[in-house]
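Peer 1: sequence first, then the predicted structure, then my questions.
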Number of protein chains: 2
Amino acid sequence: MSVNIRDSESFVVGVDFGTLSGRALVVRVRDGAELGTAVHEYRHGVMDAALASSGEPLPADWALQDPEDYRDVLRQAVPAAVAAAGVDPERIIGIGTDFTACTVLPAVADGTPLCQLPELVKRPHAYPKLWKHHASQPQADRINELAHARGEPWIARYGGKISAEWEFAKALQLLEEDPDTYQRADRWIEAADWIIWQLTGRETRNACTAGYKGIFQDGRYPSRDFLQALNPAFAEFATTKLSRPVSPLGGRAGSLTAQAAGWTGLPAGIAVAVGNVDAHVTAPAANAIAPGQMVAIMGTSTCHVMNGIALTDVPGMCGVVDGGIVAGSYGYEAGQSGVGDIFTWFADHLAPPSYHDEARRRGVTLHDLLSAEAAAQQPGAHGLLALDWLNGNRSVLVDHHLSGAIIGLTLATRPPDIYRALLEATAFGTRVIIESFESAGLPVTELVIAGGLLRNALLMQIYADVTRRSLSFIGSEQGPALGSALHAAVAAGAYPDVPAAASVMGSKRDAAVVPDPASAIIYDQLYADYVLLHDYFGRGANEVMHRLRALRDRARDRAIRDRAQRDRARRDGALVPEREEAAAWQSTS
Amino acid sequence: MSVNIRDSESFVVGVDFGTLSGRALVVRVRDGAELGTAVHEYRHGVMDAALASSGEPLPADWALQDPEDYRDVLRQAVPAAVAAAGVDPERIIGIGTDFTACTVLPAVADGTPLCQLPELVKRPHAYPKLWKHHASQPQADRINELAHARGEPWIARYGGKISAEWEFAKALQLLEEDPDTYQRADRWIEAADWIIWQLTGRETRNACTAGYKGIFQDGRYPSRDFLQALNPAFAEFATTKLSRPVSPLGGRAGSLTAQAAGWTGLPAGIAVAVGNVDAHVTAPAANAIAPGQMVAIMGTSTCHVMNGIALTDVPGMCGVVDGGIVAGSYGYEAGQSGVGDIFTWFADHLAPPSYHDEARRRGVTLHDLLSAEAAAQQPGAHGLLALDWLNGNRSVLVDHHLSGAIIGLTLATRPPDIYRALLEATAFGTRVIIESFESAGLPVTELVIAGGLLRNALLMQIYADVTRRSLSFIGSEQGPALGSALHAAVAAGAYPDVPAAASVMGSKRDAAVVPDPASAIIYDQLYADYVLLHDYFGRGANEVMHRLRALRDRARDRAIRDRAQRDRARRDGALVPEREEAAAWQSTS
């Protein structure tokens, strides 16, 4: 580190819990200088094919995690970051965290995750459901239908639709698919709050996830009547498993316990900030929390957050929450459920050997090579148009059962063509979101990019051209971790509030990319066609994507059932001849 | 060869001129036994990116060939096949040929192709335009519009649409883009007839291409008035460059010249059959020329041919021609412009290294591996639906500016999923064609498969399941060459007519694949969605594919223009700075 550290200086630690790993960052309080960082990869990663403890295959659209991986981040990444920073741990005055959301788990009253009870270790429903667990869509559909039928006032705060990713849909799935495990859960808690419980020994609930993911609006959760109408056994869900006081962002959740001090090597008793969410905590890290500054955090998925002075309903937004980003403002959120994930999917599974070889030869990544070849094209030259819904659509359609599409393929289509079309599709998706906000009376005055994808120059140029906007870039490469550290500084009392800390510790670079007018003209034409397909496939004119998914799920369920039958038969010592298996499949199809 | 040859036996040679190579086959007259074969790959292949003689880049959708490659097949493949057969050349009594169509070239009055005149060797328009040259679409659109406006009676014989692939559209493009070369052309002749001219020294025109590709109906070409209305300079096109007597299939075009005997090593003076087309000649090779027997010749593309007793209009068919397949019947033709080409495109350009490695490890082709993994899935399990228009749509939409689409992509989609969806899409395309014929009152009583793709067991099962029909397979692996040989036997007088020869020399295997009822139920559902998308993208509800192609073509033309400008500037010694180039591009976009 080239930073000169004074004797009197103090530091904070921010910890960002991502989808596949957790990162710790040591930050200087007086100016936000980043002094050292370390990453710990989750040992279990994302469990979306099988449960690690049993090998049991998981159905389509499931995504679980193991909470011990979160504790390991505290044990591994925090001490490593402090060591990398070369600062005396005694000078560290606070720790803040942020998490993916809605990542949510069932726990008993002392905070122990259900999946760590020996008798439940093989129950998939006892594990944390990661944000991208999408198997609760039927429950989400029923929540939405009932909310509209009953005229629930809160539904408009979520763009008219609750997501299958959120607390209520996931909890209702747990209740209905595994009622025993549901009964064992004293708590249904965001991982964002669970980790604070681990650090402080105190259960808290943060305003951000309570609002965006927990339907906590105007001081209350959905009513007992509403929940009872969903399912009689669900009536007391909010009052028993959810309801605890909600703490404002930037507040102090408690003090670091001796146990957590042992894990992290940090001093016991230092301030622990209220839990937070990766995207939302990034806005102050970019010093972009004024109304109209939309921060797009672009990684595997993209989250858009923006403060507003007034409360407005934006159709298809993820939500608006009082104090959801910064206490005192209405925080608006929207999102795209697949962005970098889509590019990686293409590079991993559909790039031929010649591209791998060439990337190796040039000493660059496959993404670099595909981007370079795609960048050599003029807009429109590939003749393609894609829908970026390979992981569903979060905003503005709020439908995780939509899927991706590519139109315009010819025998002359090559990998960089498709790669570029996928980049463009996500840019069109962002433009849809911006236009929805503006149509609802919330002008987007600045688009600020954060997250790892801002390093892709082609992607950034496309976003500027498609949105016809100059892009600002966050100053930090570790936006969420910096944002968490900034909240720790506020929780420790080093700054009076988050805006004051953001103006000193956060930073952005204005007009880092400017639009090319000639490209923007072509993209306007492509965008018009994107919107046409977006509405055709996404708003009910042709439900083919839902039918295809239903067919797929039936085929997969059948395959899982058949496998289980065969396994049973094998266990029972009966060998099922191949012919009978085929016949069995035909009769159940 | 294990065939026992008697002293008195006679033989014929069939030569099949394909897209990338020509094949010769030596066949025994008395029973159709195939005794020896040889292939010659065209040295110039398909020129679709640049003209070989000049390196000049070709615009989008062009596809040219070099006629010397055709002569080389006579020089190389024919003698090699005779040698492989181990028969005395003196026992060979005739030669027959078939060609891709419409592959058409301009020539002077003695048959010399214009591209072999030294002064025209660098003119793209002087070369044969291969069947898949699709750059004449604007001309085809005008022909169709005018034909309907004038109520031309012949347009209904082509399903209501003339293809951009055919003689008139390609000739009109030549006239309008390169009038000098057009003027030099004494003849506009199908390669199918040009090769006969090379063999016999006599110009003939065969009933098949004249009818299907040359709009020759009821004994005449489109009228002078019609052609004049298209373009005044086109008024005499048919009378001067096209019109010659039309010969029936199975007839004798003439006798092998001494020059051609020198090329081939066959005896001068033997019978040469009237020219023919690869698909049409295959029907008698499969002994499937009765009304209702639809023969699908499945290779890079698929051609469907079927005889009928009555004359009926089928919307979207390629054409119906009196004597177009067998003299005395009405020959119906339909087609899919991309089939095997699409699978190869995917395997060549979108299969990742792990699949290449695994195929190598198992010692199988990439197609074998992808097919095996796709075959392990149940129908519907991939959640995908594709439109098989990567090379345009020949039947029933007759629109080469349509393009392919894939719907239902998710982050879990893998290469075998897409591969299977592409196989299925072509099967759905075939079902659309069959249903069009049946709706028009032409029952399809048997589906007979010919061509290389019948070796893909998964593909065949999918076709059976999707069409709910048992499939018959042609007996020969060299259907077109056998069909040509069979026509040579008729031309030489060994059989009274083609049906008589077909019943002896042709063969098929009935019910080679039977449909699986459980799969057929699922495919009925997928087919309903295929038809929905087919009509949405293909019948004008959403012209996005045309808009994407227009954007693509403009971007490519701009790139070609810019390159030419740069080249000119470089030749003139003026170095254009990069910045000015960019500015120039913006101002013209």
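Peer 2: On my side now, so go ahead. All figures in this text were calculated on a predicted structure; none of them were measured in a lab.

Peer 1: all strands of the stretch 1-150 of chain A, in order?
Peer 2: Assigned by DSSP state E, counting those that start in this stretch, the strands in the stretch 1-150 of chain A fall at A:11-17, A:21-28, A:34-41, A:92-99, A:104-107.

Peer 1: and these as TSV, adding mean pLDDT, distance to chain B and mean neighbour count?
Peer 2: Bear in mind the C-beta positions are built from the backbone N, C-alpha and C, glycine included. Putting the strands of the stretch 1-150 of chain A into TSV (pLDDT from 0 to 100; distance: least, CB to the nearest CB, whole Å; neighbours: other CB atoms under 10 Å in any protein chain shown) gives the following:
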stretch	mean pLDDT	distance to chain B	mean neighbour count
strand A:11-17	98	21	30
strand A:21-28	98	19	26
strand A:34-41	98	20	20
strand A:92-99	98	22	30
strand A:104-107	98	21	26
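
Peer 1: go through those and name the closest to A:F343.
Peer 2: Taking CB to CB as the criterion, strand A:21-28 is the member of the strands of the stretch 1-150 of chain A that comes nearest to A:F343, at 18.6 Å.

Peer 1: can I get the CA coordinates of that closest one in PDB?
Peer 2: Extracted C-alpha coordinates of strand A:21-28, given in PDB (Å, rounded to 0.1, in the frame of the first residue of the first chain):
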ATOM      1  CA  SER A  21     -17.800 -15.400  -2.400                       C
ATOM      2  CA  GLY A  22     -17.400 -12.800   0.300                       C
ATOM      3  CA  ARG A  23     -15.000  -9.900   0.300                       C
ATOM      4  CA  ALA A  24     -13.600  -7.900   3.100                       C
ATOM      5  CA  LEU A  25     -12.100  -4.400   2.700                       C
ATOM      6  CA  VAL A  26     -10.200  -2.200   5.100                       C
ATOM      7  CA  VAL A  27     -11.000   1.500   4.600                       C
ATOM      8  CA  ARG A  28      -9.500   4.700   6.100                       C
END
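
Peer 1: for that strand, what is the distance to the chain centroid?
Peer 2: For strand A:21-28, the gap between its own C-alpha mean and the chain's C-alpha mean amounts to 18 Å (CA atoms, centre = their mean, to the nearest Å).

Peer 1: neighbouring strands for it, and are they parallel or not?
Peer 2: With DSSP bridges as the test, strand A:21-28 is paired with strand A:11-17 (antiparallel), strand A:34-41 (antiparallel).

Peer 1: show residues contacting the last one.
Peer 2: So the one you mean is strand A:34-41. Applying CB atoms under 8 Å, 6 or more residues apart in numbering or on different chains, the contact partners of strand A:34-41 are A:1, A:3, A:5, A:11, A:20-28, A:72-73, A:76-78, A:80-87, A:476, A:478, A:481-482.

Peer 1: can I get the strands of the stretch 1-150 of chain A in a markdown table including distance to B:V295?
Peer 2: As requested, the strands of the stretch 1-150 of chain A are arranged in a markdown table below (distance: least, CB to CB, whole Å):
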| stretch | distance to B:V295 |
| --- | --- |
| strand A:11-17 | 63 |
| strand A:21-28 | 59 |
| strand A:34-41 | 58 |
| strand A:92-99 | 63 |
| strand A:104-107 | 60 |
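
Peer 1: before we move on, back to that, just the buried members of the contacts of strand A:34-41?
Peer 2: The neighbour-count criterion (16 or more other CB atoms under 10 Å in any protein chain shown) marks A:5, A:11, A:22-28, A:72-73, A:76-78, A:80-82, A:84-85, A:87, A:476, A:478, A:481-482 among the contacts of strand A:34-41 as buried.

Peer 1: what's downstream of the helix or strand containing A:G429, the next helix or strand?
Peer 2: Taking DSSP states H and E as the criterion, the element that holds A:G429 is helix A:415-439. Proceeding N to C from helix A:415-439, the next assigned helix or strand is strand A:446-450, under DSSP H and E.
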